[in-house]
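A.B. asks: I need the structure of the sequence given here:
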Amino acid sequence: MTDYLCKIKSKKMAWGNKKDTQMSKIQETEQKSINIIGSGTKIEGDVSSSGDMRIDGTLEGNIDVKGKLVVGASGFIKGTIKCKNSDISGKIEGTINVAELLNIKASASINGEIFTKKLAIEPGAIFTGSCSMKESVSLGAKPNMESKTDVKKQTTK
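C.D. replies: Numbering: from 1, shown residues only. Modelled structure (predicted):
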């Protein structure tokens, strides 16, 4: 019985006090946060998030998301987008920088430039502009435009 109590006490000492444990849980929760701009909401200005984000409303400004950006069918963004992954069902006017995979759904309408590592476009999506696909996409600065492929008013069906 004494050995068991000693083990419990040593585990408590190894984990630290209760406050430290609560802080680590809070930090873990913040990293997995999902932010939502709901339908009927309009934001003018720049937005950044360390987690994932879903936009069903309107954003006129730049957006920087460290995780995944989802633009719903009623979502509209006018500005520059920077994110790790993205699913777009709504309307975008501007520049899209995606480090990994950009998935353009059938209901999407995009007018602008796309820079991404991987691109998937569903039949029915509307894309007008240019696209550059590279092994790595820099989210910090505007990518080099030399290997750009021009696409003029392309509708996939």
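
A.B. asks: and residue 139, what element?
C.D. replies: Taking DSSP states H and E as the definition, one finds residue 139 inside no helix or strand.

A.B. asks: Wait, it touches residue 100, no?
C.D. replies: No. Under the criterion of CB atoms under 8 Å, residue 139 makes no contact with residue 100, lying 10.5 Å away. The C-beta positions use only the backbone N, C-alpha and C, and glycine is treated the same way.

A.B. asks: For those two, indicate the residue with more neighbours.
C.D. replies: The residue with more neighbours, out of residue 139 and residue 100 and counting by other CB atoms under 10 Å, is residue 139; that gives 17 against 14.

A.B. asks: confidence score at the more buried one?
C.D. replies: Note on residue 139: pLDDT of 74.

A.B. asks: Not counting sequence-adjacent ones, nearest residue to it?
C.D. replies: Setting aside the residues directly before and after it, residue 139 is nearest to residue 82 in space (CB to CB, 6 or more residues apart in numbering), at 4.6 Å.

A.B. asks: Can you tell me how far the one you found is from residue 126?
C.D. replies: Using CB to CB, to the nearest Å, one gets 22 Å for the distance from residue 82 to residue 126.

A.B. asks: Across the sheet, point out what pairs with the residue nearest to residue 86 when sequence neighbours are not counted.
C.D. replies: The spatially closest residue to residue 86, leaving aside those adjacent along the chain, is residue 69, at 4.5 Å (CB to CB, 6+ apart). Residues found in beta-bridge contact with residue 69 (criterion: DSSP bridges) are residue 53, residue 86.

A.B. asks: higher neighbour count, residue 82 and residue 126?
C.D. replies: Set side by side, residue 82 and residue 126 show unequal neighbour counts under other CB under 10 Å, the larger going to residue 82 at 22 against 17.

A.B. asks: Tell me who's in contact with that one.
C.D. replies: Residues in contact with residue 82 (CB atoms under 8 Å, 6 or more residues apart in numbering) are 62, 63, 64, 65, 97, 139.

A.B. asks: helix or strand for it, which one?
C.D. replies: Assigned by DSSP H and E, residue 82 falls in strand 76-88.

A.B. asks: moving C-terminal of that strand, what's the next helix or strand?
C.D. replies: Moving toward the C-terminus from strand 76-88, the next helix or strand (DSSP H and E) is strand 91-104.
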